[in-house]
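*Asks:* Model the following, please.
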Amino acid sequence: MDIPRAMQKIKESGARIIVSYYTNTDFKIVTNLLCQIFLKNLYGPQYVWILSIQNIQSYWEQLTDDITKTVNCSKSEIIRAAEGIFQWYRVDPLQASEAGGDFGLSVAGKLPIATWKEMQGQDWFPAPAGRPIRYLINYDAIWVCALTLNKSLSQFPPGKLDNFTTADRSDITAVLEKEIKATSFPGASGPVSFSNTGSRLSELSLEQIRNGTSTLIGKYNQKTRVIEFSKTDIWYKSDGVIPKAVSILRIENSISHGLHITYIAFASVGLMLAYALVILTAVRWKRSVIQNSWPITNLMIAFGCIIVNASVILTGYDEGSELINPHQYQHTCQAATWLLVIGFTVVYGTLLIKTWSIYRFFSQNNVQNDFKEVRLLVYVMIFLVIDILLLVIWQSTDPLRITPEVVTTQDDNSLNPVMSETVIQRCTSDSATYWSVTFFCYKGAMLLAGMFLIWPAWVVSKGSPVGDSHYIGISMFLTILASLVGLPVSFLVQDNPDVKYGVIGGFILLCTIGTMALLFIPKVIVLCRNDEDQDAPLLAPMGSLFGFIRAMAEVENSPEAGSPVNMKNEGNENGAENSQNTNNI
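*Replies:* Sure, this is the predicted structure:
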């Protein structure tokens with residue numbers, strides 16, 4: 001038996017009442033058990049140990065130096081761990097007398113004490129002997145055999161035993177078993193009788209280790225099933241308070257209904273802005289304010305925001321949700337992951353490609369049209385194909401599933417402890433970590449590329465409304481900032497689904513709603529003014545930030561920066577020409 005491992009399992013389980021049926025009489029093993037109880041801190045008033053130990057009366061006498069050398073505990077530490085432990089075994093004659101219940105004369109017509117003294121005078125008697133009960137039980141077992149055979153002989157046909165064969169075994173065994181169960185007599189080890197299953201029914205001594213010595217505190221009659229206590233202070237370690245087993249408080253830690261409803265409301269705002277942008281673009285397709293903003297890419301961004309907002313709504317459904325069948329949770333968690341990955345690529349991938357195209361548009365004096373916009377979407381489709389390929393491989397090899405994880409907390413020093421089991425339903429798989437790292441690296445590369453493109457695109461566009469360059473730059477900046485802050489924070493709060501959903505969902509909704517508002521509201525303002533030659537003003541503090549960017553762009557193109565004096569004018573003329581070409585589409 002691996003005692004240290006067994007003690008560790010008991011420690012981890014949080015058990016407070018431990019019963020051990022221990023039949024090994026090797027005191028070294030008992031010592032190792034008590035030492036491990038001390039080392040694992042499984043002793044004290046909050047623990048109740050009930051052991052079946054047959055031959056130990058005084059630990060002070062039996063804990064020799066040779067035995068204590070085999071363990072990592074001192075004698076005092078072992079006795080400290082044994083303090084208050086309950087142990088039980090069959091009552092011996094001395095204990096019966098001590099408890100005021102002498103056994104009386106045995107079937108041999110002698111007192112058990114007299115039988116015990118006769119045994120001690122025999123040449124075969126070992127020294128030290130240990131508990132008398134061990135020898136008296138064997139003495140009574142011989143009497144059982146003799147009495148059973150005497151009562152059985154008359155039940156066998158003449159000559160049956162003389163000509164015994166294996167074919168007669170079942171008949172003879174049936175007779176012997178019946179007579180053994182019917183046997184009842186006063187023995188040297190106490191009353192002797194048997195249960196229907198053939199087990200010996202006797203009186204058990206209930207002992208408690210006090211100051212290293214086993215002290216009788218009562219006895220239990222197996223036949224009548226009655227316990228008689230001779231001492232009433234058995235809970236002296238806990239000042240008379242009966243220790244209780246651990247009360248388990250099971251808590252289902254799920255996303256709160258209120259938070260989910262709140263995020264559904266915010267996601268609905270983002271969805272309405274996305275739909276409004278789609279409708280506005282379709283209705284006012286030929287207006288220059290729409291054409292200048294590159295409408296096809298705007299529609300793609302709106303479509304991506306719809307997908308991402310849908311993933312936020314689905315992520316809020318878990319097994320604690322009142323709005324979904326618990327059996328559908330696994331499908332919901334898989335769908336939410338797919339939508340988030342694909343939606344991010346559609347939104348941010350389009351923003352990235354659009355920013356890159358704006359940079360080329362202004363730096364290389366290109367002309368933009370619907371055909372070129374559609375060509376830009378080919379790059380987004382490449383990103384999507386990579387996403388879908390990775391997701392299909394993940395789903396087919398190790399699909400996401402609902403795995404409950406239990407986080408336990410417990411006060412070990414309380415007499416009435418409560419173990420809190422917090423159950424968290426995780427949407428994960430065996431290889432989820434590796435796949436997450438793969439997607440983080442892939443999406444991280446996209447974010448890194450965006451970081452390097454935002455500033456050059458803003459500088460060369462010089463505040464032109466073509467392609468919504470100033471608005472998509474702010475959208476990309478929000479997305480990058482949310483990713484850099486949101487992801488690390490979400491990993492730190494893995495054990496709190498409410499906080500995790502609040503952080504991730506909040507940053508996602510901030511990005512999607514912000515992006516839709518930046519692409520939709522300025523166009524509405526321009527159309528309401530009916531002045532499409534003037535771009536809608538940015539609200540502070542965005543206006544101040546963009547004014548600073550304009551100033552920086554002018555400084556970079558000034559003579560002090562090493563550029564020709566007429567570079568700014570040429571750039572403005574080219575910008576105006578490009579804007580005119582786009583307006584004529």
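
*Asks:* tell me, what residue is most central in this protein?
*Replies:* The centroid of the chain falls nearest to residue 405 when counting by C-alpha atoms, centre = their mean (2.5 Å).

*Asks:* which residues does it contact?
*Replies:* Going by C-beta atoms under 8 Å, 6 or more residues apart in numbering, residue 405 touches 423, 424, 425, 426. Every residue, glycine included, has its C-beta placed from N, CA and C.

*Asks:* Shouldn't it be within a helix?
*Replies:* No. Counting by DSSP: H, G, I helix; E, B strand; the rest coil, residue 405 is located in no helix; its state is strand.

*Asks:* partner residues bridging it?
*Replies:* In this entry, residue 405 is beta-bridged to residue 424, by DSSP bridges.

*Asks:* thinking again about what came up before, of the contacts of residue 405, buried ones?
*Replies:* With burial judged by 16 or more other C-beta atoms under 10 Å, the buried subset of the contacts of residue 405 is 424, 425, 426.

*Asks:* ok, so of these, who is nearest residue 53?
*Replies:* Residue 53 lies nearest to residue 424 out of these, by C-beta to C-beta, at 42.2 Å.

*Asks:* Let me see the confidence value for the closest one.
*Replies:* The per-residue pLDDT reported for residue 424 equals 79.

*Asks:* how close does it get to residue 284?
*Replies:* 49 Å (C-beta to C-beta, to the nearest Å).

*Asks:* try residue 199
*Replies:* 93 Å.

*Asks:* These two - which one has more neighbours?
*Replies:* Neighbour count, other C-beta atoms under 10 Å: between residue 199 and residue 284, residue 284 has more, with 16 against 9.

*Asks:* Identify the residues contacting that one.
*Replies:* 290, 523, 527.

*Asks:* Let me see the ranges of the strands in the stretch 251-400 of the chain.
*Replies:* Counting by DSSP state E, counting those that start in this stretch, the stretch 251-400 of the chain has no strands at all.

*Asks:* what stretches of it score poorly on pLDDT?
*Replies:* Where the stretch 251-400 of the chain drops to pLDDT under 70, the residues are 319-327, 365-373.

*Asks:* Now do the helices in it.
*Replies:* 257-283, 288-291, 295-315, 329-363, 370-397 (DSSP state H, counting those that start in this stretch).

*Asks:* buried set for the fourth one?
*Replies:* What that stands for is helix 329-363. 329-330, 332-359, 361-362.

*Asks:* quick one: secondary structure of residue 41?
*Replies:* With three-state DSSP as the criterion, residue 41 reads coil.

*Asks:* and it, how many residues sit next to it?
*Replies:* The burial count for residue 41: 12, using other C-beta under 10 Å.

*Asks:* could you measure it against residue 81, distance?
*Replies:* For residue 41 relative to residue 81 (C-beta to C-beta), the value is 9 Å.

*Asks:* Find me the pLDDT at the residue sitting furthest away from the middle of the chain, would you?
*Replies:* Here the centre of the chain is the reference, and by C-alpha atoms, centre = their mean the most remote residue is residue 158, at 72.4 Å. The model reports residue 158 with a pLDDT of 74.

*Asks:* what's it sitting at in phi/psi?
*Replies:* phi -60, psi 130 (degrees, to the nearest 10).

*Asks:* Let me see the ranges of the helices in the stretch 51-200 of the chain.
*Replies:* Using DSSP H, counting those that start in this stretch, helices in the stretch 51-200 of the chain cover 59-62, 65-68, 75-82, 93-98, 112-120, 132-153, 169-182.

*Asks:* so residue 226 sits right up against residue 220, yeah?
*Replies:* Yes. Using C-beta atoms under 8 Å, residue 226 is in contact with residue 220, at 7.3 Å.

*Asks:* hang on, the earlier thing: of all the helices of the stretch 51-200 of the chain, which one is nearest residue 490?
*Replies:* Short answer: helix 75-82, nearest of the helices of the stretch 51-200 of the chain by C-beta to C-beta, at 44.8 Å.

*Asks:* now for that closest one, which elements pack on it?
*Replies:* helix 27-39, helix 59-62 (3 or more C-beta pairs under 8 Å, 6 or more residues apart in numbering; DSSP states H and E).

*Asks:* most packed of the ones you listed?
*Replies:* Of all the helices and strands packed on helix 75-82, helix 27-39 has the most neighbours on average by mean count of other C-beta atoms under 10 Å, namely a mean of 20.

*Asks:* Send me it as CSV with only the CA atoms.
*Replies:* Output in CSV follows, covering the C-alpha atoms of helix 27-39 (Å, rounded to 0.1, in the frame of the first residue of the first chain):
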residue,chain,number,x,y,z
PHE,A,27,3.8,-1.8,14.0
LYS,A,28,6.2,-0.2,11.5
ILE,A,29,3.4,0.3,9.0
VAL,A,30,1.1,1.7,11.7
THR,A,31,3.9,4.1,12.5
ASN,A,32,4.3,5.2,8.9
LEU,A,33,0.5,5.7,8.7
LEU,A,34,0.5,8.0,11.7
CYS,A,35,3.6,9.9,10.4
GLN,A,36,1.9,10.6,7.1
ILE,A,37,-1.1,11.8,9.0
PHE,A,38,1.2,14.3,10.8
LEU,A,39,3.1,15.3,7.6
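
*Asks:* I'm done for today, thanks for sticking with me.
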